[in-house]
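A.B. asks: the following block contains a protein sequence and its predicted model.
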Amino acid sequence: MEALIFLISIGCFIAAFFSFKSTRSLLKNGVTVTGRVSRVEREENRSTDENGYTSTNVSYYPYVEFTDQTGVKTEFKAGVGSSSKRKWKVDQAVEVVYDPTGKHKPKIRSGMQLWFGTFILAFLGVIFLLVALGVLSGSGS
């Protein structure tokens, strides 16, 4: 079991590394333009625990429209939503970074939108690693 948890932590670290490389490449090679929030959509995620209790989490995702260097309009959904519907407003100006080659998806140029996935993967890697080391060190006593 310890080995499996350790392997999961390594997998999280590898995924975080590739997420970091992808975002860094987008920032290095991408083009930054001003876009605007074209709409905000509400999404619900419902889950039921083992006792039958259902909870609903609501997130609001901005859809951003921008025009690239060649004059082509593109709309995309932001990768990270917000629990507050006040965070995003229709026609709100936002900086967008996009890859003219299309290798990377466009993103809102903000810390949360760019690095959230990398942070979560690295954080999970640390948690799984600490659990694995705790289990390993506890089994030797």
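C.D. replies: Great, that's in hand.
A.B. asks: so Phe76, which state does it fall into?
C.D. replies: Three-state call for Phe76 (DSSP: H, G, I helix; E, B strand; the rest coil): strand.
A.B. asks: tell me, how many residues neighbour it?
C.D. replies: By other CB atoms under 10 Å, 18 other residues sit near Phe76. In this view, the C-beta of every residue, glycine as well, is placed from N, C-alpha and C.
A.B. asks: how near is it to Gln113?
C.D. replies: Per CB to CB, to the nearest Å, Phe76 is found 11 Å from Gln113.
A.B. asks: ok, Ser9 touching Leu133?
C.D. replies: No: using CB atoms under 8 Å, Ser9 is not in contact with Leu133; the gap is 9.2 Å.
A.B. asks: and these two? which has more neighbours close in?
C.D. replies: Ser9 (20 against 14).
A.B. asks: need the contact list for the more buried one.
C.D. replies: Ser9 is in contact with Leu124, Gly125, Val126, Ile127, Phe128, Leu129, Val131, Ala132, counting by CB atoms under 8 Å, 6 or more residues apart in numbering.
A.B. asks: for the residue lying closest to the fifth one once chain neighbours are set aside, which three-state class applies?
C.D. replies: The shortest distance from Phe128 to any residue other than its chain neighbours is 3.5 Å, reached at Ser9 (CB to CB, 6 or more residues apart in numbering). For Ser9, the secondary-structure state derived from three-state DSSP is helix.
A.B. asks: separation between Ser9 and Leu124?
C.D. replies: To Leu124, Ser9 is 8 Å away according to CB to CB.
A.B. asks: and Ala16, by the same measure?
C.D. replies: Counting by CB to CB, the gap from Ala16 to Leu124 is 8 Å.
A.B. asks: compare these two (neighbour count), which wins?
C.D. replies: Per other CB under 10 Å, whichever of Ala16 and Leu124 has more neighbours is Ala16, with 20 against 17.
A.B. asks: Phe116 is in contact with the more buried one, correct?
C.D. replies: No: the pair Ala16 / Phe116 is not scored as a contact, 11.5 Å apart, by CB under 8 Å.
A.B. asks: quick one: the helices in the chain?
C.D. replies: 2-29, 111-139 (DSSP state H).
A.B. asks: so which of these is nearest Pro62?
C.D. replies: Closest to Pro62 of those, according to CB to CB: helix 111-139, at 9.5 Å.
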